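A.B. asks: build me a model from this:
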Amino acid sequence: MAKATVRDLDLKGKKVLMRADFNVPQDAQLNITDDTRIRATIPTIGYILQKDAEKLILMSHLGRPDGKVVEKYSLKPVAKKLKELLDEPVKFLNDCVGDNVRDGIASSPEKIILLENLRFHAEEEANDSAFAKHLADLADIYVDDAFGTAHRAHASTEGVAHYLKAAAGLLLEKEMKYLGQAVQNPAQPFMVILGGAKVSDKIGVIENLLPKCDAIIIGGGMAYTFLKAKGNSIGNSKLENDKIDLAKEILAKASGIGKQILLPCDHLVVDEVDAGAKTEVVGVDIPEGKIAVDVGPKTILLFKDKLKSAKTIVWNGPLGIFEMEPFSRGSLEIAKFISTLSCTSIIGGGDTAAAIAKFKLEDKMSHISTGGGASLEFLEGKVLPGIAALSDK
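C.D. replies: So this is what the prediction gives:
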């Protein structure tokens, strides 16, 4: 059953409680260093205000205060940033439940209100029903626009939906559309690129998408466990020794159902992982003592050749240590190549999204997910509690 979205609701004169993901990075002076997640919610905020809601009550978490008030995790800097981005007054309240909050909302001349960090209360992560009811009592309607926490059954993401009509915001709607299409009905040929450090992080994605895709391209640290499973030497490169047998099983399964898994055929290697380290390109076998930090030029060509016919690409996990400039070429070249293709390109959150942002290619991709763990679980085919809890259309 399709889930209700904010577009399905009559918001005029209503108090709207919206869960956002304002879990943004800050420096030592508590200045926000990346406001991407705040900017991502602006379309939904704008839509709700445009539809003449009486009040918009925003709530979020920030960091891991573990159920205690920790000043450095206050959402005050977010209120300031919201005011700046929206060019609208924003009322900040120093708690998220209680009589003072209810009174503050009722007396506020401002239409936009930001509550203090939900995780200052242990009941939030415990999905305490009484806490969820206190949140729900603040409003008439609930809108969830926090895909980054949709895989968590917390009071503000799952519990509150039991007490109010619950709908997806525009950002969450977009996540469900693109990731849902990739999992359920992708345009073919469908290629999956997986990278990052660990095979163990991507097992569920491989198992769910292998039967649906045409090929899986594997790079990053996880590639070396697969190469070891094939009998190649990997030097001192990243290895999950206890996952070698699993990698063999995955390779055998792919072969058995006629699906291709592409692994690097050459590598950029160093003696130690340092941006100033001397690099060299080696073939598929990595010499003793060497550490692979990126895919090599032949691998880049191999991957491009496979991707050129794709109509859908899902990419989760960088192909090398992209944070260090000398080891970012593989991820950069593949990102640039994808940006030239006529296909639906879906970028998993977390490090892959950070890489695309670093390469300044965000506007060249169809969709960049705002949730790292949430996008992984969605691609694994799991039901996300924050989405399951939404009202049906």
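A.B. asks: residues contacting residue 105?
C.D. replies: 15, 55, 57, 93, 113, 138 (C-beta atoms under 8 Å, 6 or more residues apart in numbering). Backbone N, C-alpha and C define where each C-beta goes, glycine included.
A.B. asks: tell me the secondary structure at residue 155.
C.D. replies: coil (DSSP: H, G, I helix; E, B strand; the rest coil).
A.B. asks: and it, how many residues sit next to it?
C.D. replies: 27 (other C-beta atoms under 10 Å).
A.B. asks: what sits against it?
C.D. replies: 118, 123-129, 131-132, 135.
A.B. asks: now stretch 103-118: buried residues?
C.D. replies: Of all the residues in stretch 103-118, those buried under the rule 16 or more other C-beta atoms under 10 Å are 104-105, 108, 111-118.
A.B. asks: just these now: which is nearest residue 320?
C.D. replies: Within the buried residues of stretch 103-118, proximity to residue 320 (C-beta to C-beta) peaks at residue 117, which comes in at 35.7 Å.
A.B. asks: how about the strands in the stretch 1-150 of the chain?
C.D. replies: 15-19, 55-59, 90-92, 112-114, 141-144 (DSSP state E, counting those that start in this stretch).
A.B. asks: contact partners of the third one?
C.D. replies: I take that to be strand 90-92. Against strand 90-92 from outside (C-beta under 8 Å, 6+ apart): 75-76, 79, 82-83, 104, 108, 110, 112-114, 116.
A.B. asks: check stretch 62-81 too.
C.D. replies: By C-beta under 8 Å, 6+ apart, stretch 62-81 touches 22-24, 26, 30-32, 35, 38, 60, 90-92, 114-117, 119-125.
A.B. asks: select only the buried ones of those residues in ChimeraX?
C.D. replies: Typed into ChimeraX, the next command selects the buried ones out of the contacts of stretch 62-81 (criterion: 16+ other C-beta under 10 Å):
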select :22,23,24,26,32,35,38,60,90,91,92,114,115,116,117,119,120,121,123,124,125
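A.B. asks: list the contacts of residue 386.
C.D. replies: 19, 144, 146-147, 149-153, 157-158 are the contacts of residue 386 under C-beta under 8 Å, 6+ apart.
A.B. asks: host element of it?
C.D. replies: helix 385-388 (DSSP states H and E).
A.B. asks: that older thread, pick the most buried one from the strands of the stretch 1-150 of the chain.
C.D. replies: strand 141-144 (a mean of 28; mean count of other C-beta atoms under 10 Å).
A.B. asks: now that one - C-alpha only, PDB.
C.D. replies: What follows is strand 141-144, C-alpha atoms only, in PDB (Å, rounded to 0.1, in the frame of the first residue of the first chain):
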ATOM      1  CA  ILE A 141      -0.600  16.200  12.000                       C
ATOM      2  CA  TYR A 142       2.800  14.500  11.800                       C
ATOM      3  CA  VAL A 143       5.200  14.800   8.900                       C
ATOM      4  CA  ASP A 144       8.400  12.700   8.700                       C
END
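A.B. asks: adjust the sequence numbering to begin at 48 for everything that follows.
C.D. replies: Got it, the first residue is 48 from now on, which makes the last one we talked about strand 188-191.
A.B. asks: for it, packing partners?
C.D. replies: strand 62-66, strand 212-215 (3 or more C-beta pairs under 8 Å, 6 or more residues apart in numbering; DSSP states H and E).
A.B. asks: so can I have a markdown table of the ones you listed showing distance to residue 330?
C.D. replies: Below are the helices and strands packed on strand 188-191 laid out as a markdown table (distance: least, C-beta to C-beta, whole Å):
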| stretch | distance to residue 330 |
| --- | --- |
| strand 62-66 | 50 |
| strand 212-215 | 48 |
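A.B. asks: among those, which is nearest residue 53?
C.D. replies: Between these, strand 212-215 lies closest to residue 53; by C-beta to C-beta that is 5.2 Å.
A.B. asks: and whichever helix or strand comes after that closest one, what's buried?
C.D. replies: The helix or strand immediately downstream of strand 212-215 is helix 217-231, counting by DSSP H and E. Buried positions in helix 217-231, judged by neighbour count with 16+ other C-beta under 10 Å: 217-223, 225-226, 229-230.
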